[in-house]
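>>> next come a sequence and a model predicted from it.
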Amino acid sequence: MNDKEIVIRETTQADLSIILELIYLKAQFDGCPESVEATHQKLEETLFCGNPSQFILFAQIKGEIVGFASYHYIYSTFLAQSGIWLDDLYLKAEYRGFGIGKAFLKRLCQIAKEKKCGRIDWTVAIHNSRGINFYEKMGAKISQEVRLCRLDRNAIANLLIS
């Protein structure tokens, strides 16, 4: 497979079913399919509204959609500049190792340059050694000094009433 066969494109409203399918495949890969709450309606309201805050790219090979990358914009006070947060990057298993992940990252770099973003950030699961190796090969520096912090729905509600 060569670079010319890989097409990275923005999603459209007509892609809602395949977006949802790929989200479920990603959740299965991550070992948490029960955590998916996405629906066609929620995706439509957040991705294809007047002012979307999240964006999804598809990878296509010969017209077949083989993966997705979702991202949104962040702000770095240290840089005083916007950045991109890569939320998910997922490829169907049979398409890994063919340069599609690199094509996704290159497209995100183009977007970052167009939008004058100072960096692209994301997380990678500690057990995903193949992903870690890939990201390091692409030039990513993987920090061991920080940990992901999250307030889930219950923690938000509890904090608001405390």
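Looks like it came in fine. Residues are numbered from 1 along each chain as shown.
>>> could you check how far stretch 109-116 is from the centre of its chain?
Its chain's C-alpha centre and that of stretch 109-116 lie 16 Å apart, by CA atoms, centre = their mean, to the nearest Å.
>>> centroid residue for this protein?
Most central in the chain under CA atoms, centre = their mean is residue 88, positioned 2.6 Å from the mean C-alpha point.
>>> pretty sure it contacts residue 70?
Yes. With contacts counted by CB atoms under 8 Å, residue 88 reaches residue 70, the gap being 4.7 Å. Any C-beta I mention is one placed from the backbone N, CA and C, and that applies to glycine too.
>>> low pLDDT regions in the protein?
Residues of the chain meeting the criterion pLDDT under 70: 1-3.
>>> ranges for the strands of it?
For the chain, applying DSSP state E gives strands covering 6-10, 55-61, 64-76, 81-91, 120-121.
>>> figure out which of those strands is closest to residue 128.
The closest of these to residue 128 is strand 81-91. By CB to CB, the value is 10.8 Å.
>>> that closest one to strand 64-76, inter-axis angle?
Interaxial angle of strand 81-91 relative to strand 64-76 (axes from the mean of the first three to the mean of the last three CA atoms, to 10 degrees): 150 degrees.
>>> pull the CA atoms of strand 81-91 into CSV?
Output in CSV follows, covering the C-alpha atoms of strand 81-91 (Å, rounded to 0.1, in the frame of the first residue of the first chain):
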residue,chain,number,x,y,z
GLN,A,81,-1.4,29.5,21.8
SER,A,82,-4.0,26.9,20.7
GLY,A,83,-3.1,23.3,20.2
ILE,A,84,-4.8,20.1,19.1
TRP,A,85,-5.9,17.3,21.4
LEU,A,86,-6.0,14.0,19.6
ASP,A,87,-8.7,12.2,21.5
ASP,A,88,-8.8,8.8,19.6
LEU,A,89,-6.9,7.3,16.7
TYR,A,90,-8.2,3.9,15.7
LEU,A,91,-7.5,1.6,12.7
